[in-house]
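Q: build me a model:
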Amino acid sequence: MEFGLFVQGYVGKQALTDPTAEHRALMNETEYVIQADKSGFKYAWASEHHFLEEYSHLSANDVFLGYLAHATDRIHLGSGIFNPLAQVNHPVKVAEKVAMMDHLSEGRFEFGSGRGAGSHEILGFIPGVTDMNYTKEIWEETIAEFPKMWLQDEYVGFQGKHWSLPPRKIFPKPHGTSHPAMWYAAGSPPSYAMAARKGLGVLGFSVQKVSDMEWVLEQYKTAIQDPDPIGDFVNDNVMVTSTAICAETHDKAVDIAVSGGLNYLQSLVFRYHDTFPRPEGIPEWPEVLPEYNREIIELLIAEELMICGDPGEVLQQCKRWEQAGADQLSFGLPIGISHEDTLNSIKLIGEHVIPKIDTDPVHRTTRFRSAA
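A: Residues are numbered from 1 along each chain as shown. Next up is the predicted model:
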């Protein structure tokens, strides 16, 4: 199992009162990715969100990742996601950005796409539409065009319901052989199977705990056995995300978690990601989850809903994800905790956890791409 970091420019309540919160969040998260690169993490994923005042201000993630391409050496940089809906980002511009990022990172870019998980932001780009299902047909008619844009000397062009382009030579072409690995941000079980049939890896942002892996793998790993890949190769990959806090002692890690504002972050996730299945116990906005105390944090750890503890405990918790079949575990770090505690978590995981689980020096997606 490989390891990643997930960042999204989260600002929380501070965005309403602190004019420096936005800048501090963005700058801190570049430091987290740079440290993750030094600590042996293989992937860093950056979200794309719009209009979400108290949640994510990382709207131009291509610019963010372009900076990190120069500031890092080994870590793969992924769009989690670039939204390829024509009304949000023209598909040709997305193809160009992906190829440009592939050059700037010297082949370290990962192309994650999706339809967006929240009606507030996505339908803001599509006036008059109220049903998020409408975005499915836009994504479906678009996603298979990207490998053609990258690999055909002159792209044959496209005439679809939602966008069109006459034949054109699209530049730059991706760096080196083939093209970046392609991923899809999936929520529901049918989405995992659909992604597998297209040969796409899955960004499993909706997987809440280890036991969720059973239905994820059943849907995905069965369908990936007989794919009809849209790209140059099959990216047989399931990435899942989990909150992670690692400290020198268990008590210190729990104390950090208590102060991390996790209740508000979790409430905002389901406020804005209104296409995600709502777990039992998550209230509807504007009601929010109560503040977490030590008892609640210990319960979340016991229920395998978060990774938290000293290095030995975090290692065992990560092994549970590996045993369940996750190909990649990416950590969303609680933004309410201090900058120093966050960097310390990354360093401790890099020193004590990753070397004991991920012993392959080569990225999984690099092997797939090299064999295309």
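Q: which secondary structure elements does the lengthiest helix in the chain contact?
A: For the chain, the helix with the greatest residue count under DSSP state H is helix 21-38. Packing partners of helix 21-38 (3 or more C-beta pairs under 8 Å, 6 or more residues apart in numbering; DSSP states H and E): strand 2-7, helix 14-17, strand 43-46, helix 61-71, helix 339-352. (C-beta placed from N, C-alpha, C; glycine too.)
Q: CA-only coordinates of it in CSV, if you can.
A: Extracted in CSV, the C-alpha atoms of helix 21-38 (Å, rounded to 0.1, in the frame of the first residue of the first chain):
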residue,chain,number,x,y,z
ALA,A,21,-6.7,32.8,7.2
GLU,A,22,-6.9,32.1,3.4
HIS,A,23,-3.2,33.0,2.7
ARG,A,24,-2.0,31.1,5.8
ALA,A,25,-3.9,28.0,4.8
LEU,A,26,-2.6,27.9,1.2
MET,A,27,1.0,28.6,2.3
ASN,A,28,0.9,26.0,5.1
GLU,A,29,-0.4,23.4,2.8
THR,A,30,2.5,23.9,0.3
GLU,A,31,4.8,23.2,3.2
TYR,A,32,3.0,20.0,4.1
VAL,A,33,3.4,18.7,0.6
ILE,A,34,7.1,19.6,0.5
GLN,A,35,7.6,17.8,3.9
ALA,A,36,5.6,14.8,2.6
ASP,A,37,8.0,14.6,-0.4
LYS,A,38,11.0,14.6,2.0
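Q: returning to what we had before: what's the closest of the helices and strands packed on helix 21-38 to Gly176?
A: helix 61-71 (14.8 Å; C-beta to C-beta).
Q: picking that back up, can you point out the buried residues in the longest helix of the chain?
A: Residues of helix 21-38 classed as buried by neighbour count (16 or more other C-beta atoms under 10 Å): 21, 25-26, 28-30, 32-37.
Q: least confident of the helices and strands packed on helix 21-38, on average?
A: Lowest mean pLDDT of those: helix 14-17, a mean of 87.
Q: can you pull the buried residues of that helix?
A: 14-15.
Q: give me the residues contacting that helix.
A: Under the criterion C-beta atoms under 8 Å, 6 or more residues apart in numbering, residues 21-22, 53-54, 57 lie in contact with helix 14-17.
Q: from the residues you listed, which is closest to Ser338?
A: Ranked by distance to Ser338 (C-beta to C-beta), the contacts of helix 14-17 are led by Ala21 at 14.3 Å.
Q: distance check, the closest residue to the closest one other than its chain neighbours against Glu53.
A: Spatially, and ignoring its direct neighbours in sequence, Ala21 is nearest to Gln14 (3.8 Å; C-beta to C-beta, 6 or more residues apart in numbering). Here Gln14 is placed at a distance of 11 Å from Glu53 (C-beta to C-beta, to the nearest Å).
Q: deepest of the helices and strands packed on helix 21-38, which one?
A: Neighbour counts (mean count of other C-beta atoms under 10 Å) averaged over each of those peak at strand 43-46, with a mean of 27.
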